[in-house]
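*Asks:* What would the 3D arrangement of this be:
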Amino acid sequence: MSGAGPGAREERFRALHLETYADLLRFVERRVPPGEAEDIVSTVFLTAWRRFDELPDDTRPWLFAVARRTMTNQARGWLRRRALDVRLRSSEARELADDSAGTAARIDLERAWAALSTADREVLALVAFDGLTAEQAATVLGCRRSTFAMRLGRARQRLRAALEPAEPATRSSLRPRSLKEQQSWTQA
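*Replies:* Next comes the predicted model:
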């Protein structure tokens with residue numbers, strides 16, 4: 001992203017900031033306390049400014065990866081405090097109408113989300129909440145695209161399973177599993 005002069009460089013940086021700031025802030029806000037999100041995003045853009053000539057053509061996943069590493073560094077500084085989960089909250093005011101079916105679905109989703117591992121939540125959030133492609137999300141996590149696709153598929157399966165109602169213990173569910181059923185993990 002090198003350019004002619006400092007003025008052109010500053011304009012390109014301003015355009016990058018305008019284009020990515022809101023998405024990056026949302027990405028960070030879902031992972032850290034709200035009062036700390038803007039500080040992390042400003043650190044990301046400071047890093048981007050310092051390394052502006054080294055930025056890849058597709059800067060969005062690079063910025064997300066820098067934000068992720070910055071948050072990891074911040075977490076170490078916060079005395080290994082428990083990371084915050086992605087909070088499912090509505091930005092709209094809650095209506096007083098009877099929305100018991102919707103409420104039940106949200107409760108089920110929150111319960112299923114909490115049952116997932118941190119890694120599964122991260123993989124799902126990168127695609128569902130942050131709108132990254134599989135290739136971009138793989139860049140953020142520092143893995144190959146195929147590895148990310150496998151993790152995403154498995155995370156989706158676990159979320160689907162967590163959303164299914166628990167089946168009552170029946171005679172067939174208590175039967176011993178065959179060797180083929182026990183080794184089904186190889187097909188995941």
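*Asks:* surely F45 meets H17?
*Replies:* Yes: assessed by Cβ atoms under 8 Å, F45 is found in contact with H17 at 6.1 Å. C-beta: built from backbone N, CA, C; applies to glycine.
*Asks:* contacts for the longest helix anywhere in the chain?
*Replies:* The residue-count maximum for a helix in the chain (DSSP state H) belongs to helix 6-29. Under the contact criterion Cβ atoms under 8 Å, 6 or more residues apart in numbering, helix 6-29 has outside partners 1, 3, 37-38, 40-41, 44-45, 48-49, 52, 55, 59-60, 63-64, 67, 71, 129-131.
*Asks:* per-residue confidence averaged over that helix?
*Replies:* Averaged over helix 6-29, pLDDT sits at 91.
*Asks:* hmm, back to that, neighbour count: F45 and H17, which is higher?
*Replies:* More crowded of F45 and H17, by other Cβ atoms under 10 Å: F45, with 18 against 15.
*Asks:* low-confidence ranges in this protein?
*Replies:* 1-5, 75-102, 104-105, 166-188 (pLDDT under 70).
*Asks:* all helices for the protein, in order.
*Replies:* Counting by DSSP H, the helices of the chain are 6-29, 34-50, 59-77, 100-115, 118-128, 134-141, 145-163, 179-182.
*Asks:* so which of those helices is the most packed in?
*Replies:* Sort those by mean neighbour count, taking mean count of other Cβ atoms under 10 Å, and helix 134-141 sits at the top with a mean of 20.
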